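my questions concern the predicted model and sequence given below.
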Amino acid sequence: DTEVTQTPKHLVMGMTNKKSLKCEQHMGHRAMYWYKQKAKKPPELMFVYSYEKLSINESVPSRFSPECPNSSLLNLHLHALQPEDSALYLCASSPTASRETQYFGPGTRLLVL
Amino acid sequence: SQQGEEDPQALSIQEGENATMNCSYKTSINNLQWYRQNSGRGLVHLILIRSNEREKHSGRLRVTLDTSKKSSSLLITASRAADTASYFCATDPGGGADGLTFGKGTHLIIQP
């Protein structure tokens, strides 16, 4: 299995909702990442997990809460989001957090109303 | 701030022609990578070139790296309609961080 899966593919939520994005990989990778991508912009790094520990948090607002339950799973919990948080959320993994090739999932397209 | 800056921002060529995209970056790097993204989809890794390499090939792709000019180019030869996508260069930002920093990207359109 050489892919990263993300669920759901699309999500519409209100500003008072709580939802979660899920990412899964079975390649034995020990580093996983969340990126945010606005339309016609490059992906921007949000969080890095290395060996299930959060190693980087790029000054992301607390309404985004990452969780890494095990080496194959990465969640992003969403609460009290703003309309400007609408974007494509991409998950990626790599064998280690060593700046090498990253493997991306298809993304979750989030719309906050 | 973005590490990589691609140009052109958009490129439209005829099928069969070659497409060249450039990327400039600001700080020293360990490697530079190129990714492709089809509309609204995830990114696909194309090629990685290390700081001690000058040129690398993979199929119809040719990447060059000039660390003295802090620039890289991606050449796609004999373009196909399926090559229509956005292309991003990505660098490690240095300072011990482990995520990638992406350039603004080049949107490539191959006209059939």
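Looks like it arrived, so ask away.

start and end of stretch B:48-64, how far apart?
For stretch B:48-64, the first-to-last residue distance is 10 Å (CA to CA, to the nearest Å).

next structured bit after the worst-scoring helix or strand of chain A on mean pLDDT?
When each helix and strand of chain A is scored by mean pLDDT, DSSP states H and E, strand A:53-57 comes last, with a mean of 83. Using DSSP states H and E, the helix or strand that follows strand A:53-57 towards the C-terminus is strand A:64-70.

that next one pairs with which strands, and in what direction?
Here strand A:64-70 has these sheet partners by DSSP bridges: strand A:73-79 (antiparallel).

now the partner strand: average pLDDT?
The average pLDDT for strand A:73-79 rounds to 97.

where's residue B:60 relative to residue B:22, distance?
18 Å (CB to CB, to the nearest Å). In short, each C-beta sits where N, CA and C put it, glycine included.

got the residues of chain A near chain B?
Taking CB under 8 Å from any CB of the partner chain, the part of chain A that reaches chain B is made up of A:4, A:6, A:31, A:33, A:35, A:41-45, A:48, A:50, A:55-56, A:58, A:88, A:90, A:92, A:97-107, A:109.

pLDDT below threshold where in chain B?
Scanning chain B for pLDDT under 70 picks out the ranges B:1-4, B:93-98.

close to chain A: what parts of it are there?
Proximity of chain B to chain A, by CB under 8 Å from any CB, involves residues B:2, B:30-31, B:33, B:35, B:40-45, B:48, B:88, B:92, B:97-105.

select only the buried ones of these in PyMOL?
Of those, the buried ones go into a single PyMOL selection, burial set by 16 or more other CB atoms under 10 Å in any protein chain shown:
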select buried, chain B and resi 2+31+33+35+41+42+43+45+48+88+92+97+98+99+100+101+102+103+104+105
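
right, I'll call it a day here.
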